[in-house]
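K.L.:
Kindly return the folded structure for what I paste below:
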Amino acid sequence: MREVRIIPAIREFASGQGVDQLRPKRKVAGYARVSTDRDDQFTSYEAQVDYYTTMIKANADWQFVGIYTDEGISGTSTARREGFKQMIADALAGRIDLIVTKSVSRFARNTVDSLTTIRSLKESKVEVFFEKEGIWTFDSKGELLITIMSSLAQEESRSISENVKWGRRKRFADGQVTVPFNSFLGYDKGPEGNLVVNPDQARTVRYIYTLFLQGMSFNGIATRLTSEGIRTTSGNTRWHNTTIARILSNEKYKGDALLQKYYIPDFLTKKAVVNKGEVPQYYVQGSHEAIIAPEIFDLVQQEIANRRGFASPGRGDHLFSRRIRCGVCGSFYGPKTWHSNDQYRKVIWQCNNKHKTKGKPCPSPKFSEDEIKALYVKAVNKLVTDKDEIIRAFREIRDEVFSTADEEAQLAKLREERAEIVRMMEQLTTENASRVMDQDAYKVRFEQLSQRYVRGNDELAALDEAIRDRQYRRTKTELFIKELEKIDGLVTEFTDELWYSLADHAVVNSKEDVRFIFKNEMENIL
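P.N.:
Below is the predicted model of the structure:
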């Protein structure tokens, strides 16, 4: 007959070693976290720190290591919780034996994060005590209870996230506009959370739009603002081209607001992604005071689109970059420095295909920068000579030539026709679902309606583009006329402002045939 005998554990110790020395004190740390920066939460945060500090120090078997904290940070992920991450690192390094915290939800609202962390700690013989639930992770029931509690906490976090999303979308649907005021140039937060124009910053916004319409690139504008010491919203004097691009394309500057440009698909990661139609968007027209006139904003958007079609190598910071075209091969002119290291240094502009290594080099002529400037002054003076006639003619014909009334009426008609096609498609689909129909006949009819819908959409897009183009040309010409009116008498010297305000581009056909095309689409041949 088999007999099982238990051999008790025996620990050897040196003579004279007391009972207290047999059981070394556990190194204990506390963890406290609140997920918002509200005053009531701050009070809770301080209370947690004070409570666990007193609790740990009062236990004779525990050695106080410290309190690790995270303030104003969500618990759905451990990724951004620096205090939590430092605590776990210290525990795995053997500096902590026991972690005491308020509850599972304070530790993590993500089941995967919670269990992964606890298992990693258990492997390193580090225990966690959740006071509210009374859970010790070394207990046999610990992991089961933690799994259940973490799942509940994760579901609570998901529910809160959905409520927050619903609240945001309700505000969007009501047309309530919010922006990150600390980093949004041009507006301050009003008494009711609305957008109120900041006069000083608004001048900078208008300056940016003016420089762009004068022909400067994003990078050129950033360089200009930096050199002039103009400050950003954060107080820096260094500007970046990406900042300029965002300012020039943000509809809020014309008093409108497109809401829900981004959304958060996963409440655990909280990573915002661009909304490409996955969730509704809301466009609020006239939601607040504009800094940029709507027609000027629309002009800038058209100009941005136009410039994309004429991209050229290089950064495009020079005032002639992408503005001088070769009439022989269609390429752009670019600068080349001669005698860069001596007293004869000068900048020559020539076709970018002038010295290409493959194929036949372009025979177009080259010009010094001074020659181009002199030719431009001559062209402007020809324009000034006819200044009064140009202004009078524009005022006489602008309402007729640039009118979009007929196109807008046609656009409204096309939209009504498209809505009717959609109604017919829906009716046909409903009929097919409610009674027996010949499926071949159904498919033929549905395809016919689909083709009509596609053709209508194409016509709408073309007509809408034609309207925008005419409005763009009108606004561009009106700005040109305003600048022309400012010129008093013949021009005696070239200036950057003179070039930016009047010229669209130049075309070089030969040494004797240089044409300057102005922003009103007039062409002066020299």
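
K.L.:
Do you have the strands of the stretch 251-400 of the chain handy? List them.
P.N.:
Assigned by DSSP state E, counting those that start in this stretch, the strands in the stretch 251-400 of the chain fall at 257-259, 262-263, 273-274, 282-284, 324-326, 333-338, 346-351, 367-368.

K.L.:
what's the burial count for Val436?
P.N.:
Neighbour count of Val436, defined by other C-beta atoms under 10 Å: 6. Backbone N, C-alpha and C define where each C-beta goes, glycine included.

K.L.:
quick one: it is in a helix?
P.N.:
No - Val436: not assigned to a helix; according to DSSP: H, G, I helix; E, B strand; the rest coil it is coil.

K.L.:
what residues are up against it?
P.N.:
If you count contacts by C-beta atoms under 8 Å, 6 or more residues apart in numbering, Val436 has none.

K.L.:
Could you list the domains of the chain?
P.N.:
As recorded under automatic domain parsing, the domains making up the chain are 26-160, 181-308, 324-525.

K.L.:
ok now the shortest one, how far from the chain's centre?
P.N.:
Looking back up the chat, that one is domain 181-308. Distance of domain 181-308 from the chain centroid (C-alpha atoms, centre = their mean, to the nearest Å) equals 10 Å.

K.L.:
and if you look at the last one?
P.N.:
Shown here is domain 324-525, whose average C-alpha point lies 27 Å from the average C-alpha point of the whole chain (C-alpha atoms, centre = their mean).

K.L.:
Could you dump the domains of the chain into a markdown table and include mean pLDDT and distance to His318?
P.N.:
Converted to a markdown table, those look like this (pLDDT from 0 to 100; distance: least, C-beta to C-beta, whole Å):
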| stretch | mean pLDDT | distance to His318 |
| --- | --- | --- |
| domain 26-160 | 76 | 44 |
| domain 181-308 | 80 | 8 |
| domain 324-525 | 87 | 6 |
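
K.L.:
Just tell me which of the strands of the stretch 251-400 of the chain ends up closest to Leu92.
P.N.:
Distance to Leu92, taken as C-beta to C-beta, is lowest for strand 273-274 among those, at 33.3 Å.

K.L.:
For the closest residue to Phe367 other than its chain neighbours, give its distance to Gly220.
P.N.:
Spatially, and ignoring its direct neighbours in sequence, Phe367 is nearest to Trp349 (5.3 Å; C-beta to C-beta, 6 or more residues apart in numbering). Distance, Trp349 to Gly220, using C-beta to C-beta, to the nearest Å: 17 Å.

K.L.:
re earlier: can you add mean neighbour count and give the strands of the stretch 251-400 of the chain back as TSV?
P.N.:
Formatted as TSV, these follow (neighbours: other C-beta atoms under 10 Å):
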stretch	mean neighbour count
strand 257-259	20
strand 262-263	14
strand 273-274	10
strand 282-284	15
strand 324-326	22
strand 333-338	16
strand 346-351	18
strand 367-368	18
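
K.L.:
so can I have CSV of those showing distance to Leu484?
P.N.:
Shown next, in CSV, are the strands of the stretch 251-400 of the chain (distance: least, C-beta to C-beta, whole Å):
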stretch, distance to Leu484
strand 257-259, 35
strand 262-263, 43
strand 273-274, 42
strand 282-284, 36
strand 324-326, 22
strand 333-338, 25
strand 346-351, 26
strand 367-368, 25
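
K.L.:
Of those strands, give the one that comes closest to Ile96.
P.N.:
Across those, closest to Ile96 is strand 273-274 (C-beta to C-beta), at 37.5 Å.

K.L.:
What helix or strand is the closest residue to Thr101 other than its chain neighbours located in?
P.N.:
What sits nearest to Thr101 in space, not counting adjacent residues and going by C-beta to C-beta, 6+ apart, is Tyr31, at 4.3 Å. If you go by DSSP states H and E, Tyr31 is part of strand 26-34.

K.L.:
Beyond that strand, next helix or strand please.
P.N.:
Downstream of strand 26-34, the next assigned helix or strand under DSSP H and E is helix 39-58.

K.L.:
and that next one, what other elements does it pack with?
P.N.:
Applying 3 or more C-beta pairs under 8 Å, 6 or more residues apart in numbering; DSSP states H and E, one finds that helix 39-58 contacts strand 26-34, strand 62-71, strand 98-101.

K.L.:
which helices and strands sit right next to the first one?
P.N.:
Counting contacts by 3+ C-beta pairs under 8 Å, 6+ apart, the secondary-structure elements packed against strand 26-34 are helix 39-58, strand 62-71, helix 82-92, strand 98-101, helix 104-107.
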